[in-house]
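**Student:** heads up, no residue letters with this:
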């Protein structure tokens, strides 16, 4: 980077960013922070033995499953479902959300591979996927790779796709989708090491159809060009708007730096020569002084004062405990900054999904959990770490949906695709107790202070009361054999608390309803479980205490919890069940109420899902019945109240 560029960035006077930086806290100059451009300055760290890290929850996050993998009944069509789904990208264009992801039949680095796109009007309910880049038959490949020896791939062997960028809204308003066709000479030899064919592009039309597939850049240094590939070069197109969009993309050194990992050409196209470092999965945003902050996997970071035309030497963010998963950074609608990644860094396990925030895009603090759920991995396959991973929001220039939210796409267990809607400002605590009757909610998306976790087969909805149709209530419906729905609400940190709610057990099939009051780190001093006939009170003993209930009628439940005594009282329909129930787990304070259609699973130990004997992916099998819905359970909740006493 030139001396002039460094000086320019250090004083925060980059042309065109005066308004952007107004009122923002300025970060240190490039010269001052180039060796470590991002710092975590907080004192909260994950407990690696819990999927949620025992972090406080980011208040009001709604997590929606956008795509549920299914081997025998594929939503995407075909005779066999592809159960390795990963690396999603998100944009907002023409009033809709567009989600691109890549897919393999079973596991990573094993062909065939392809790329698909889904569409949503609201970011919550998604269309079935459409294949945008189909599987690609390779010519005969006979090469030697030092780490795998001699490789001989027969003609007709299918490619594997790999791309660190998927969607681009061009200055002329066209939407492009991009992918990278490559191959893996061996499952241990990734497709992103420069041996691939090249990068393909096609236009996405507003009606959800696509233009023709063309190559926008060949890996010529590996011997690939127009003569030995199946799609034409983009310049053969007669669509001037498409050509203009492609040229704008190729000219953008900031956007195209995301391509380096698969390409690795030394022809001068890329503005950065990483040397021995391997910067993978770039994410970037503009700091308040107008400079660009880029973050990659494994703590790598760099800064640019000229829109990606030159960069500082790659530095390491030593305080970010990252791993092999992606890190995402962006400016948020409230003028602050957010960084989303797996804060635990427990080997290659990828949980929890956490967020931290900053005023200056340099010092980040207040780490909170966005999604701490790790459902069972339903399908066998290698290279499939557990948990939420590969987070991607909406890149600058790729649209901004209505409302003040951070929108994140990611995969879970490299099988399913999820969306998180995170409200801004991001907060982990509230100051007021609540009384919620659901009358003013049109649907579940209006529950802005509730944290919702909604699998496709376990929806949460606002419905009419079956007894009094003029009344609205919250419904938790569950037909998911290996996951559950969660509705939880944060209240002020309390030592003595009264919790009230009404519950209607409508139908009990595979799932029951658990109700818990937890502390800020997820400790569970009390647990109630509602099924068709019984209300069980779990005191962490061998046998629970039981109280007979009836389906098909509303029940009033009240709890009085006292952390000083480590006990609580329970009342049902105004009658005392027990006034001296001992806490099952110690809690000094309480701060969230949880309704969940399944048993708690947030502890890694003693279930040791990430400590299987042998090699991950080889000592597991597909889970029985995971492609079919389970017997339905339906629970209604209303008039939820909390207050101190």
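**Tutor:** Arrived safely, thanks for sending. Note that the structure is a prediction, hence the values are computed from the model and not measured. Numbers count the residues shown, from 1 in each chain.

**Student:** So in the protein, which helix runs the longest?
**Tutor:** Longest helix in the chain by number of residues (criterion: DSSP state H): helix 240-251.

**Student:** by contact count, what packs against it?
**Tutor:** strand 175-182, strand 198-204, strand 214-218, helix 253-256 (3 or more Cβ pairs under 8 Å, 6 or more residues apart in numbering; DSSP states H and E). In short, each C-beta sits where N, CA and C put it, glycine included.

**Student:** can you give me the helices in the stretch 51-200 of the chain?
**Tutor:** Applying DSSP state H, counting those that start in this stretch to the stretch 51-200 of the chain gives no helices.

**Student:** Can you give me the distance of the residue nearest to residue 163 when sequence neighbours are not counted to residue 217?
**Tutor:** Of all residues not flanking residue 163 in the chain, residue 180 sits nearest, at 4.4 Å (Cβ to Cβ, 6 or more residues apart in numbering). Per Cβ to Cβ, to the nearest Å, residue 180 is found 9 Å from residue 217.

**Student:** Looking at these two, which one has more neighbours?
**Tutor:** Neighbours per residue (other Cβ atoms under 10 Å) separate residue 180 from residue 217, with residue 180 holding more: 28 against 22.

**Student:** okay, that one: pLDDT?
**Tutor:** We have a pLDDT of 98 for residue 180.

**Student:** follow-up on the earlier one: who touches both of residue 180 and residue 217?
**Tutor:** Taking Cβ atoms under 8 Å, 6 or more residues apart in numbering as the contact definition, residue 180 and residue 217 share the neighbouring residues 198, 199, 259.

**Student:** Spatially, which residue comes closest to the first one, not counting chain neighbours?
**Tutor:** To tie it back to what came earlier, the one meant is residue 198. Using Cβ to Cβ, 6+ apart, the nearest residue to residue 198 is residue 218, at 4.0 Å.

**Student:** ok, back up a step: would you mind measuring from the residue nearest to residue 163 to residue 546?
**Tutor:** 58 Å.

**Student:** Name the next helix or strand following the helix or strand that residue 503 is a member of along the chain.
**Tutor:** Assigned by DSSP states H and E, residue 503 falls within strand 496-507. Once strand 496-507 ends, the next helix or strand along the chain (criterion: DSSP H and E) is strand 513-518.

**Student:** so how far is the helix or strand just after that following strand from its chain's centroid?
**Tutor:** Proceeding N to C from strand 513-518, the next assigned helix or strand is strand 526-530, under DSSP H and E. In terms of Cα atoms, centre = their mean, to the nearest Å, the centre of strand 526-530 is set 29 Å apart from its chain centre.

**Student:** same question, stretch 418-428
**Tutor:** 11 Å.

**Student:** cool, stretch 637-645 as well?
**Tutor:** Worked out by Cα atoms, centre = their mean, stretch 637-645 lies 31 Å from the chain centre.

**Student:** and if you look at stretch 500-514?
**Tutor:** That offset, for stretch 500-514, works out to 28 Å (Cα atoms, centre = their mean).

**Student:** All further residue positions should be reported with the first residue as 50.
**Tutor:** Understood, numbering begins at 50; the last thing we discussed is stretch 549-563.

**Student:** Give the buried residues for that stretch.
**Tutor:** For stretch 549-563, burial by neighbour count (16 or more other Cβ atoms under 10 Å) applies to 549, 550, 551, 552, 553, 554, 555, 557, 560, 561, 562, 563.

**Student:** Could you dump these into JSON lines with pLDDT added?
**Tutor:** Formatted as JSON lines, the buried residues of stretch 549-563 follow (pLDDT from 0 to 100):
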{"residue": "549", "pLDDT": "98"}
{"residue": "550", "pLDDT": "98"}
{"residue": "551", "pLDDT": "98"}
{"residue": "552", "pLDDT": "98"}
{"residue": "553", "pLDDT": "98"}
{"residue": "554", "pLDDT": "98"}
{"residue": "555", "pLDDT": "98"}
{"residue": "557", "pLDDT": "97"}
{"residue": "560", "pLDDT": "96"}
{"residue": "561", "pLDDT": "96"}
{"residue": "562", "pLDDT": "98"}
{"residue": "563", "pLDDT": "97"}
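
**Student:** Next, find the distance separating the residue lying closest to residue 227 once chain neighbours are set aside from residue 294.
**Tutor:** In space, and not counting its chain neighbours, residue 227 is closest to residue 250: 4.9 Å by Cβ to Cβ, 6+ apart. According to Cβ to Cβ, residue 250 and residue 294 sit 9 Å apart.

**Student:** residues bridging contact with these two, i.e. touching both?
**Tutor:** Common neighbours of residue 250 and residue 294, counting by Cβ under 8 Å, 6+ apart, are residue 225.

**Student:** Would you confirm that residue 273 contacts residue 247?
**Tutor:** Yes. Using Cβ atoms under 8 Å, residue 273 is in contact with residue 247, at 5.5 Å.

**Student:** Could you check which of those two is surrounded by more residues?
**Tutor:** Ranked by neighbour count (other Cβ under 10 Å), residue 273 and residue 247 place residue 247 first, with 22 against 19.

**Student:** now that one: how far from residue 169?
**Tutor:** In terms of Cβ to Cβ, residue 247 sits 30 Å off from residue 169.

**Student:** just to revisit the earlier point, identify the bridge partners of the residue nearest to residue 212.
**Tutor:** Here residue 229 shows beta-bridge partners residue 248, assigned using DSSP bridges.

**Student:** Just give the number of residues close to the closest residue to residue 240 other than its chain neighbours.
**Tutor:** Once flanking residues are discounted, residue 240 sits nearest to residue 231: 3.5 Å by Cβ to Cβ, 6+ apart. When neighbours are defined as other Cβ under 10 Å, residue 231 has 29 of them.

**Student:** any common contacting residues for residue 273 and residue 247?
**Tutor:** Joint contacts of residue 273 and residue 247 (Cβ under 8 Å, 6+ apart) are residue 267.
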